[in-house]
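Q: need the 3D shape of this:
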Amino acid sequence: MKVVVIIPAHNEAASLPTVVADLRQRHPDHRILVVDDGSTDDTPTVLKHLPVEWLRLGSVVGVGGAMRAGFRYAVAEAFDTVVRVDGDGQHNDVSIDALLAPLACGQADVVRGSRYLAESSYRAVGFRRLAQHVVARLLSAVTGERVTDPTSGFWAFGPRAVRLLAHHHPTSYPEPELLLLLHKNRLKTIEVAVQMRERLAGRTSLTAARTTLAMARVLLVLLVVPFRPAIEGSSHE
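A: Alright, predicted model coming up:
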């Protein structure tokens with residue numbers, strides 16, 4: 001597999017050097033691409049001094065839009081495998097091999113990392129965990145696949161998914177909608193256990209109000225996406 005690790009980043013200047021250093025140490029053969037999603041901190045300056053490729057978006061488009069740009073880079077540079085790692089340091093790169101293994105043996109088109117399939121010190125609590133549980137149950141029912149961590153962004157994508165998502169990666173609330181899109185277009189996805197940790201710097205933007213809004217969007221997506229037609233050619237590429 002020819003692998004590129006894509007890191008969507010918005011105002012992650014404090015954590016990116018450590019994230020990149022860890023990736024370089026454990027996965028020296030993988031290219032790293034950081035997609036700077038309109039950061040207003042020192043992220044652009046930091047990127048100039050890191051051993052990575054990077055794209056800078058002129059305005060904030062959200063993680064989904066940043067990932068779509070990253071997938072287009074992957075296609076243009078002839079990468080057939082993409083790993084998504086968030087720029088805040090929550091995704092422990094020791095789990096990347098676990099994500100890639102099912103792709104290498106043809107077991108799946110896409111592999112999703114779940115913090116809830118193994119013992120982990122990092123777990124959502126309170127209302128966020130309740131919201132995740134509700135969304136997971138709904139996604140499991142709609143897709144017929146086991147979903148335990150519906151908001152995890154720690155994923156690996158094989159060739160069919162890379163080609164599809166370069167043009168069709170969701171831009172709103174990406175992870176649940178992404179799973180529904182892949183299911184609709186008959187791409188096989190599975191979950192594997194991964195290690196996650198607290199973010200290295202800053203704090204999450206998912207307040208209780210934003211979590212509630214995200215849940216509402218997911219419910220709308222669950223109603224709309226199953227009735228959309230499959231994307232032409234996606235089932236046999």
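Q: A98: which element?
A: Assigned by DSSP states H and E, A98 belongs to helix 96-104.
Q: what packs against that helix?
A: Here helix 96-104 touches strand 81-84, strand 110-114, strand 155-157, strand 189-193, going by 3 or more C-beta pairs under 8 Å, 6 or more residues apart in numbering; DSSP states H and E. The way it works is simple: take the backbone N, C-alpha and C, and place the C-beta from them, glycine included.
Q: ok, now with 10 Å
A: The elements that helix 96-104 packs onto, with contact taken as 3 or more C-beta pairs under 10 Å, 6 or more residues apart in numbering; DSSP states H and E, are strand 3-9, helix 16-26, strand 81-84, strand 110-114, strand 155-157, strand 189-193.
Q: got a list of contacts for it?
A: 1, 3, 5, 23, 26-27, 30, 80-81, 83-85, 91, 107-113, 118, 154-159, 161, 188-195 (C-beta atoms under 10 Å, 6 or more residues apart in numbering).
Q: by how many degrees do that helix and helix 16-26 diverge?
A: 60 degrees (axes from the mean of the first three to the mean of the last three C-alpha atoms, to 10 degrees).
Q: could I get the CA-only coordinates of helix 96-104 as PDB?
A: Output in PDB follows, covering the C-alpha atoms of helix 96-104 (Å, rounded to 0.1, in the frame of the first residue of the first chain):
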ATOM      1  CA  ILE A  96      -2.200   2.900  12.800                       C
ATOM      2  CA  ASP A  97      -1.000  -0.600  11.900                       C
ATOM      3  CA  ALA A  98      -4.300  -2.000  13.400                       C
ATOM      4  CA  LEU A  99      -6.200   0.300  11.100                       C
ATOM      5  CA  LEU A 100      -4.200  -0.700   8.000                       C
ATOM      6  CA  ALA A 101      -4.200  -4.500   8.500                       C
ATOM      7  CA  PRO A 102      -7.800  -5.200   7.400                       C
ATOM      8  CA  LEU A 103      -7.100  -3.100   4.200                       C
ATOM      9  CA  ALA A 104      -4.000  -5.000   3.400                       C
END
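Q: which pLDDT value goes with the residue nearest the centre of the chain?
A: Nearest to the mean C-alpha position of the chain, by C-alpha atoms, centre = their mean, lies G153 at 3.3 Å. If you check G153, the pLDDT there is 92.
Q: now do the SS call for it.
A: coil (DSSP: H, G, I helix; E, B strand; the rest coil).
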